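*Asks:* curious how this folds, go ahead:
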Amino acid sequence: MFILLGTDTPLRKRPLVTEAMVVLMLAAYLAILAIGLADKTMAAQLLDAMALSRRDFQWWQPLTYLIAHDNPLLGGETHPLWRLLHLGFNLMGLWVFGAAVEDRIGHASMIIFSLLGGVIAGLAQAWSSPESIIGASGMVGALAGGFIVLRPRCRIRVLIVFILIRIWMVPALWIIAFWILMDLIGWAGVTDQSVAHVAHLAGYLWGGFTMALLLLAGLVPGHNEDIWSQLKLWNRRRTYKQVIASQDQQHGAPPARAKPKPKGHPELSALRSMVAAGDMQAAAQLWQTIATEDQSAILGRQPQLTLANHLQASGQRDAAAEAYRRFLHTYPNAPESAEVRLLLCVLLVRTLGRPTEAVPILNQSLADSLDQRRHQLAQTLLREATA
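*Replies:* Below is the predicted model:
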């Protein structure tokens, strides 16, 4: 079992719309539960009225089906635990992906984007099957599709409960790709047909396509992590490789495959040039690719520190922590190391939720020659990390 806890980037503002949707769904669920305790027939009739069905279509159903979730007290073949999990997983997906999307597009746009995505997903399912549907999973699919376009390289904190309980940082693309694969398998008829696979797939498709168009049209502000920026970076790297290959041929160099493998990641030189030229947005994107592919990649002392500081200032906390960690590993006695150790520990303890990693670094910080204020900060962080 796995539970999504959040993304690797802190929110800039409170997700009021997402919170309101969570509260509304819980309120609807509890209301049906309370009615069901008194009269199961009335609760079942109310759920039927809220469900979306092409056989008994009503104008309000494309919206009401989103907040309705099956009640474990009611009859039916579905196991009560699955009914609870249906609500729980929908709320989990809504919170993680909805909050991140709302943080980028704003409150008003979030209302329109999420509800329209849910409506389209529900209508697609109703068109494909005469069975009635309830639940917000189609809307969650639309938010997941929009999210992966906004932040294709994002990682998500996942609580995995399997023998051992542990939190892992998993690429969001892997998670959403796995969900899409499961829905494609279900749509093909291999798994349980009681799940609205078409609604999920329609949500992913609509959310991703619409968000890509909004970014392209400038209606949603672009960012160095969105899909178009990543494609531009890929094209820039491809062009750079072509230029280098062309220069090698002009100077009579042997073909690239005949060259001995260079030491370190082959694109570190491009990264150094970007940092030196002050193109920090492109450098940040390229660094995340290099850091993923080469666990030992590192720049010179000052360029590495400049890059890490930019990642921190631009809100890319997880990438900044990794850049600082590599700085300390390679340059442990640099003049800036004491300050970097404290900054890394603040990230690990107070932002990224990885306090155990900070403990040995904090013990080393307390041995540094720190002024009173920084020494007190190190002591406070150590208490927080070991609490």
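
*Asks:* hey, let's count contacts and neighbours off CA atoms from now on
*Replies:* Will do.

*Asks:* chain neighbours aside, what residue packs nearest to residue 379?
*Replies:* residue 366 (7.4 Å; Cα to Cα, 6 or more residues apart in numbering).

*Asks:* who's in contact with that neighbour?
*Replies:* Contacts for residue 366 (Cα atoms under 8 Å, 6 or more residues apart in numbering) come out as 375, 378-379.

*Asks:* can you list those in CSV and add pLDDT and distance to residue 110?
*Replies:* Formatted as CSV, these follow (pLDDT from 0 to 100; distance: Cα to Cα, whole Å):
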residue, pLDDT, distance to residue 110
375, 82, 44
378, 87, 40
379, 87, 42
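
*Asks:* in a markdown table, list those along with distance to residue 315, secondary structure and neighbour count.
*Replies:* Listed next are these as a markdown table, based on distance: Cα to Cα, whole Å; DSSP: H, G, I helix; E, B strand; the rest coil; neighbours: other Cα atoms under 10 Å:
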| residue | distance to residue 315 | secondary structure | neighbour count |
| --- | --- | --- | --- |
| 375 | 25 | helix | 18 |
| 378 | 22 | helix | 25 |
| 379 | 25 | helix | 15 |
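
*Asks:* what's the closest of these to residue 224?
*Replies:* Checking the contacts of residue 366 against residue 224 by Cα to Cα gives residue 378 as the nearest, at 32.9 Å.

*Asks:* and that closest one, what does it touch?
*Replies:* 342, 362, 365-366.

*Asks:* among the residues you listed, which are in helices?
*Replies:* 342, 362, 365-366 (DSSP state H).

*Asks:* out of these, grab the one that's most surrounded.
*Replies:* Within the ones in helices among the contacts of residue 378, most neighbours by other Cα atoms under 10 Å means residue 362, with 24 neighbours.

*Asks:* thought that one was touching residue 341?
*Replies:* Yes: the pair residue 362 / residue 341 is scored as a contact, 7.4 Å apart, by Cα atoms under 8 Å.

*Asks:* next up, the contacts around residue 374.
*Replies:* Applying Cα under 8 Å, 6+ apart to residue 374 gives the contacts residue 342.

*Asks:* now do residue 17
*Replies:* Per Cα under 8 Å, 6+ apart, neighbours of residue 17: 102, 107, 110-111.

*Asks:* so who does residue 142 touch?
*Replies:* 114, 117-118, 121, 200, 202-208.

*Asks:* let's have those in a markdown table, adding neighbour count.
*Replies:* Converted to a markdown table, these look like this (neighbours: other Cα atoms under 10 Å):
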| residue | neighbour count |
| --- | --- |
| 114 | 25 |
| 117 | 27 |
| 118 | 31 |
| 121 | 32 |
| 200 | 29 |
| 202 | 24 |
| 203 | 31 |
| 204 | 28 |
| 205 | 19 |
| 206 | 24 |
| 207 | 29 |
| 208 | 21 |
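
*Asks:* now intersect the residues you listed with the helices, please.
*Replies:* Among the contacts of residue 142, the members falling in helices (DSSP H) are 114, 117-118, 121, 200, 202-208.

*Asks:* where does residue 353 fall, phi/psi-wise?
*Replies:* With angles defined as degrees, to the nearest 10, residue 353 sits at phi 70, psi 40.

*Asks:* hmm, back to that, nearest to residue 38, of the ones in helices among the contacts of residue 142?
*Replies:* Using Cα to Cα, the ones in helices among the contacts of residue 142 come closest to residue 38 at residue 118, 30.9 Å.

*Asks:* what strand or helix carries residue 167?
*Replies:* Element membership for residue 167, per DSSP states H and E: strand 164-171.

*Asks:* parallel or antiparallel, list what pairs with that strand.
*Replies:* strand 155-162 (antiparallel) (DSSP bridges).

*Asks:* so for the partner strand, what gets flagged as buried?
*Replies:* Of all the residues in strand 155-162, those buried under the rule 16 or more other Cα atoms under 10 Å are 155-159.

*Asks:* tell me the mean pLDDT over it?
*Replies:* Here strand 155-162 scores 84 as its mean pLDDT.

*Asks:* now do stretch 238-252
*Replies:* Here the average pLDDT along stretch 238-252 is 64.

*Asks:* on that earlier part again, can you put the ones in helices among the contacts of residue 142 in a markdown table and add distance to residue 66 and pLDDT?
*Replies:* Formatted as a markdown table, the ones in helices among the contacts of residue 142 follow (distance: Cα to Cα, whole Å; pLDDT from 0 to 100):
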| residue | distance to residue 66 | pLDDT |
| --- | --- | --- |
| 114 | 10 | 96 |
| 117 | 11 | 96 |
| 118 | 7 | 95 |
| 121 | 10 | 96 |
| 200 | 13 | 95 |
| 202 | 15 | 96 |
| 203 | 13 | 96 |
| 204 | 16 | 97 |
| 205 | 18 | 97 |
| 206 | 16 | 96 |
| 207 | 16 | 96 |
| 208 | 19 | 96 |
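
*Asks:* now, which of these sits nearest residue 72?
*Replies:* Residue 72 has its nearest neighbour among those in residue 200, at 22.6 Å by Cα to Cα.

*Asks:* I'd assumed residue 338 was in contact with residue 328.
*Replies:* No: counting by Cα under 8 Å, residue 328 does not reach residue 338; the two are 9.2 Å apart.
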